[in-house]
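1. Sequence first, then the predicted structure:
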Amino acid sequence: MPMRNVAGGRPTQRARKIALGLLVAGLLLAMPFVRSPFAVEGLHNALESVGQLMILIGIAGRAWCTMHIGGQKFTELVTAGPFSVSRNPLYVFSLIAAFGAGLQTGSLLFATLTAFSVWIVIHATIRKEEAALGARFGEAYASYCARTPRYGPRLSSWRGQDRIVVTMPLFYGTLSDGLLFFLIVPVAELIDWLQTLGSLPVLLTLPF
């Protein structure tokens, strides 16, 4: 039976959610006052569409990872499925969705800054989780780290799992959390419309 990941404790997860919530609030407050240089070109809409696809990939990937974690997230160590190619696939898919959310501004720069800001919070969380996992699982976790990258993916190390136990409340919770990324889509469209009408001042036009 595969061992499942101890996530560093619920206080760490709570702190991560609070930090990400404050970060998202700050980004939403900044969005109305910046504008993409592609606002009147087809590239703007293309970037938005690519971003929406990335959000979908991020949400689906997070749900897939949660199915492998099951209901034992804080007691065992997962080394199969998506966790065989990356030690933190849930966070990797979160970064993909964050970049996609940032692309709803039509700016590659804003998307990069959004993903980087999310990565700062995630990386700090991962470091705390790694310390907890190392203390709990010792040599088994050290061996896992040696063969599996922190982010990855290292596709050559893929190892499947014959059976998974899906904890539906956890699955639905992860899915609903992921769907919050899609809230940025109507918000960005509303901001575009208000900027076009001149109802919102554009304080900064981004270079790309």
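-> Now that the structure is in, tell me what you want to look at.
2. quick one: the strands in this structure?
-> Along the chain, the segments classed as strands by DSSP state E run 34-35, 204-205.
3. Of these, flag the one that's most buried.
-> Of all the strands of the chain, strand 34-35 has the most neighbours on average by mean count of other C-beta atoms under 10 Å, namely a mean of 20. Bear in mind the C-beta positions are built from the backbone N, C-alpha and C, glycine included.
4. Would you mind giving the strands of the chain as a markdown table with distance to Y141 added?
-> Formatted as a markdown table, the strands of the chain follow (distance: least, C-beta to C-beta, whole Å):
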| stretch | distance to Y141 |
| --- | --- |
| strand 34-35 | 42 |
| strand 204-205 | 45 |
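5. looking at those, which is closest to D162?
-> strand 34-35 (49.2 Å; C-beta to C-beta).
6. sorry, back to before: worst mean pLDDT among the strands of the chain?
-> Across the strands of the chain, strand 204-205 has the smallest mean pLDDT, namely a mean of 71.
7. from the chain's centre, how far out does stretch 139-153 sit?
-> With C-alpha atoms, centre = their mean, to the nearest Å as the basis, stretch 139-153 stands 20 Å off its chain's centre.
8. And it, end to end?
-> 22 Å (C-alpha to C-alpha, to the nearest Å).
9. And it, what's buried?
-> Y141, Y144, T148, Y151, G152 (16 or more other C-beta atoms under 10 Å).
10. what's in contact with that stretch?
-> 3, 77, 79, 83-89, 91-92, 126, 130, 133-134, 137, 154, 157 (C-beta atoms under 8 Å, 6 or more residues apart in numbering).
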